[in-house]
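1. Please work out how this folds:
(one chain, ligands or ions: 2)
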Amino acid sequence: MIVNLEDLRRHARRRLPRAIFDFVDGGAEDEYTLRANRLSFEKYAFRARALVDVSQCDQSTTLLGKQLSTPVLLAPAGLTGLVAPRGEVLAARAAANKGTLFTLSTMSVCSIEEVGAAVPGSSLWFQLYVWKDRGITRALMERAKAAGYHALCLTVDVPAMGRRERDSRNGFTVPPRITLFNLLDALMHLRWGLWMLSAPRPTFGNFVGTGKVEKEDAISVASFTNKQFDPSVTWADLEWIRSLWSGPLLLKGISCGEDARLAVQHGVEGLIVSNHGGRQLDFLPAALDLLPEIVDAVEGRAEIIFDGGIRRGSDVVKAIALGARACMVGRPFLYALASQGQAGVELMLDLLRVEIDRTLALIGRPRLSQLDRSALRFEERPRAAEKGLELLAANHMK
Ligand SMILES: Cc1cc2nc3c(=O)[nH]c(=O)nc-3n(C[C@H](O)[C@H](O)[C@H](O)COP(=O)(O)O)c2cc1C
Ligand SMILES: CCCCC(=O)C(=O)O
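-> Ligands and ions are numbered 1, 2, ... in the order given. Next up is the predicted model:
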């Protein structure tokens, strides 16, 4: 039975081959940041007001001028189409049906055009990685523009791919290599295997025809991206991107106040406060702990989106109370896709919606605009968090 997002993760773990589940679920190196992302929510408890009329809770909001029915968006995730066939199209449809946004990753399986044709561009953002080949980078932006995508989100926390040791152990490659382990893994997850047979052999769909993917046979994500992504990108390149993209521009992966101020000086419309779900630099602080410093640095001059570890409606309410305008979820929509395809993603968004509404009612603040730091108490000693860390550390050592 599925009553919350953790149930979707359990489902996904059963449904997906081990190597694919681990690619989705895992983080960098010791996975400290990945664990910290969850545990940081336990540092905050609520201050609830009583006897407030909460008969009409309203979680709708606007983001970069667009009306949304909920402050929860779908984060960009490379290789979503490995979790379910045409996974990006399914997730984009679910988001549009539920009045919110889907962000297509540069590293998607379905192409910019295929997703663009499936839903209105107003419910789509495109996430950009800068390739060494600037012609390709420029073409990505032009294609997203031509397909009607509303905003561009430049990810700035991948100057090198984080080291995901689960992927190394599993020998995870794109396309998946046919090995005895992978064959057994697929046989033990037959529903997924049969499901995937209905789709073309998965690859990075935006690069078919460029010669970049055709030459590669079964390459690890880190080898491929380290070869293709440009580690020399600086603030100066932002001007170049700006000159090619006329719509709203966001930076994803800002993790300190200095960079937030620079981003505002460069005129970006939005920032995504994120540690890439603990998949990049291990020992960045928990994403929630990055938020206050950045909110204070931005002083309302750009819209702030938060991601990292959101698994409950109450997590969304806490991030908004700390100054975010909206939140992205990554893994939860991938677990949901693995569990039940498009219907799973819609269910995931519904679960969060109901949890957000109930939290707003119980704390006596029926609208998002009424959320600020006075809705929270800082837990001096988050005992559950300490205990959780001990338990997780113990599990890790096994
Ligand atoms: C499987 C997977 C693939 C991802 N691929 C990308 C990507 O291509 N581009 C990007 O900017 N972020 C990527 N991310 C990071 C997410 O956009 C997001 O920051 C992160 O998942 C948020 O944490 P959460 O999973 O705890 O919600 C990926 C995350 C996952 C789990
Ligand atoms: C699949 C290409 C890399 C996607 C990414 O950014 C991530 O896995 O976190």
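2. Buried ones in stretch 236-243, by neighbour count?
-> 238, 241 (16 or more other C-beta atoms under 10 Å). Heads up, the C-betas are built off the backbone N, CA and C, glycines and all.
3. Ok, stretch 353-364 next?
-> Under 16+ other C-beta under 10 Å, the buried positions of stretch 353-364 are 353, 355, 356, 357, 359, 360, 361, 362, 363, 364.
4. what residues does the stretch 201-350 of the chain put near ligand 1?
-> 252, 274, 276-277, 279, 307-310, 329-331, 334 (C-beta under 6 Å from any ligand atom).
5. Which members of these are classed as buried?
-> For those, a burial check counting by 16+ other C-beta under 10 Å picks out 252, 274, 276-277, 279, 307-310, 329-331, 334.
6. got CSV for these, with distance to ligand 2 too?
-> As requested, those are exported to CSV (distance: C-beta to the nearest ligand atom, whole Å):
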residue, distance to ligand 2
252, 10
274, 11
276, 6
277, 7
279, 4
307, 12
308, 12
309, 15
310, 16
329, 14
330, 8
331, 10
334, 11
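7. nearest to residue 176, of these?
-> residue 334 (16.4 Å; C-beta to C-beta).
8. Sticking with the closest one, tell me its helix or strand.
-> Assigned by DSSP states H and E, residue 334 belongs to helix 331-363.
9. what's the answer for residue 45, then?
-> Element membership for residue 45, per DSSP H and E: strand 44-46.
10. what sits up against that strand?
-> Here strand 44-46 makes contact (C-beta atoms under 8 Å, 6 or more residues apart in numbering) with 288, 314, 317-318, 321-322, 359, 362-363, 375-379.
11. Can you tell me which of the residues you listed are buried?
-> Among those, those classed as buried by 16+ other C-beta under 10 Å are 288, 314, 317, 318, 321, 322, 359, 362, 363, 375, 376.
12. and the residues you listed, which two are the farthest apart?
-> Farthest pair in the buried ones among the contacts of strand 44-46, by C-beta to C-beta: 288 and 362, 20.1 Å.
13. thinking again about what came up before, present the buried ones among the contacts of strand 44-46 as a markdown table; the columns should include secondary structure and pLDDT.
-> Listed next are these as a markdown table, based on DSSP: H, G, I helix; E, B strand; the rest coil; pLDDT from 0 to 100:
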| residue | secondary structure | pLDDT |
| --- | --- | --- |
| 288 | helix | 98 |
| 314 | helix | 98 |
| 317 | helix | 99 |
| 318 | helix | 98 |
| 321 | helix | 98 |
| 322 | coil | 98 |
| 359 | helix | 98 |
| 362 | helix | 98 |
| 363 | helix | 98 |
| 375 | helix | 98 |
| 376 | strand | 98 |
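14. how far is stretch 50-61 from where the chain is centred?
-> 28 Å (C-alpha atoms, centre = their mean, to the nearest Å).
15. distance between the ends of it?
-> 24 Å (C-alpha to C-alpha, to the nearest Å).
16. Then stretch 12-30?
-> Criterion C-alpha to C-alpha; first-to-last residue distance in stretch 12-30 is 22 Å.
17. does that stretch come close to ligand 1?
-> Yes - contact of stretch 12-30 with ligand 1 is found when judged by C-beta under 6 Å from any ligand atom, involving 23, 24.
18. Would you indicate which residues of that stretch are buried?
-> Those would be 12-13, 15-28, for stretch 12-30 by 16+ other C-beta under 10 Å.
19. quick check, nearest of these to residue 256?
-> residue 28 (18.2 Å).
20. Quick one: classify that closest one as helix, strand or coil.
-> What DSSP: H, G, I helix; E, B strand; the rest coil gives for residue 28 is coil.
21. Neighbours of the residue nearest to it when sequence neighbours are not counted, how many?
-> In space, and not counting its chain neighbours, residue 28 is closest to residue 162: 3.7 Å by C-beta to C-beta, 6 or more residues apart in numbering. Counted with other C-beta atoms under 10 Å, residues neighbouring residue 162 total 22.
22. picking that back up, export the buried residues of stretch 353-364 to JSON lines and tack on distance to residue 263?
-> As requested, the buried residues of stretch 353-364 are exported to JSON lines (distance: C-beta to C-beta, whole Å):
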{"residue": "353", "distance to residue 263": "30"}
{"residue": "355", "distance to residue 263": "31"}
{"residue": "356", "distance to residue 263": "28"}
{"residue": "357", "distance to residue 263": "32"}
{"residue": "359", "distance to residue 263": "30"}
{"residue": "360", "distance to residue 263": "30"}
{"residue": "361", "distance to residue 263": "35"}
{"residue": "362", "distance to residue 263": "35"}
{"residue": "363", "distance to residue 263": "31"}
{"residue": "364", "distance to residue 263": "35"}
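23. Give me the pLDDT value at residue 183.
-> We have a pLDDT of 87 for residue 183.
24. And the residue in the stretch 201-350 of the chain positioned nearest to ligand 1, its phi and psi?
-> Distances between the stretch 201-350 of the chain and ligand 1 by C-beta to the nearest ligand atom are smallest at residue 330, namely 2.1 Å. Backbone torsions for residue 330, taken as degrees, to the nearest 10, come to phi -110, psi -80.
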